[in-house]
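K.L.:
Just need the structure, nothing else, for what follows:
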Amino acid sequence: MIKKPEDKIVLIIEDNADIRTFASRVLELEGYTCLQAETRDEAFLLISENKVNLVLLDLRLAEENGWLILEQLKRNPETTSIPVILFTASSGEQQRASALEMGAADYLIKPLSANMLRDSVARILPLKK
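P.N.:
Below is the predicted model of the structure:
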């Protein structure tokens, strides 16, 4: 896929390939350009090489802590303005409140539905049609 300057780029940080693929397909059908990362290092490399407009971040990665990645994104002057949508299997209200307090733009509960994902992303990163 050739990226145009006006493309809206979404980075999906998720260690489960099925969930990454699902989210990517849903958003690409809406017109977003999606990048995928399994790890923090891959994610930060993609952010440094691309103009990422939004990050979808799983809080429970196999070998890394999504909370720490969120904190790093929000503390870094180069990434602090990138909205982050967290998604996790944990539906605790305290976790949701903490995530929003830390700067997350939204907090979605797995399993993700296509409508839930589309609506959240479109609210935060609308496309010009």
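K.L.:
what element comes up after the lowest-mean-pLDDT helix or strand in the chain heading to the C-terminus?
P.N.:
Least confident helix or strand, the chain: helix 93-101 with a mean of 91, by mean pLDDT, DSSP states H and E. With elements assigned by DSSP states H and E, the helix or strand that comes after helix 93-101 is strand 106-109.
K.L.:
ok, and what's touching whichever helix or strand comes after that next one?
P.N.:
Sequence order places helix 114-124 as the next helix or strand after strand 106-109, per DSSP H and E. Residues from elsewhere that reach helix 114-124 (Cβ atoms under 8 Å, 6 or more residues apart in numbering): 10, 22-23, 26-27, 30, 32, 54, 56, 83, 85, 105-106, 108. No exception for glycine: its C-beta is placed from N, CA and C like everyone else's.
K.L.:
can you do 10 Å?
P.N.:
For helix 114-124, the external contacting residues (Cβ atoms under 10 Å, 6 or more residues apart in numbering) are 8, 10, 22-23, 25-27, 29-32, 53-54, 56, 83-85, 87, 105-110, 112-113, 127.
K.L.:
thought D15 was touching L59?
P.N.:
No - judged on Cβ atoms under 10 Å, D15 makes no contact with L59 at a distance of 11.2 Å.
K.L.:
In terms of neighbours, single out the busier of the two.
P.N.:
L59 (19 against 16; other Cβ atoms under 10 Å).
K.L.:
Pop out the phi and psi values for that one.
P.N.:
The phi/psi pair for L59 (degrees, to the nearest 10) reads phi -80, psi -20.
K.L.:
Neighbours of the residue nearest to it when sequence neighbours are not counted, how many?
P.N.:
Leaving aside its sequence neighbours, L59 sits nearest to G66 (Cβ to Cβ, 6 or more residues apart in numbering; 3.6 Å). Neighbour count for G66, taken as other Cβ under 10 Å: 21.
K.L.:
which residues does F22 contact?
P.N.:
I12, E14, N16, P111, L112, S113, A114, L117.
K.L.:
buried residues in the strand or helix carrying it?
P.N.:
Assigned by DSSP H and E, F22 belongs to helix 17-30. Neighbour-count burial for helix 17-30, counted by 16 or more other Cβ atoms under 10 Å, picks out I19, R20, F22, A23, S24, V26, L27, E30.
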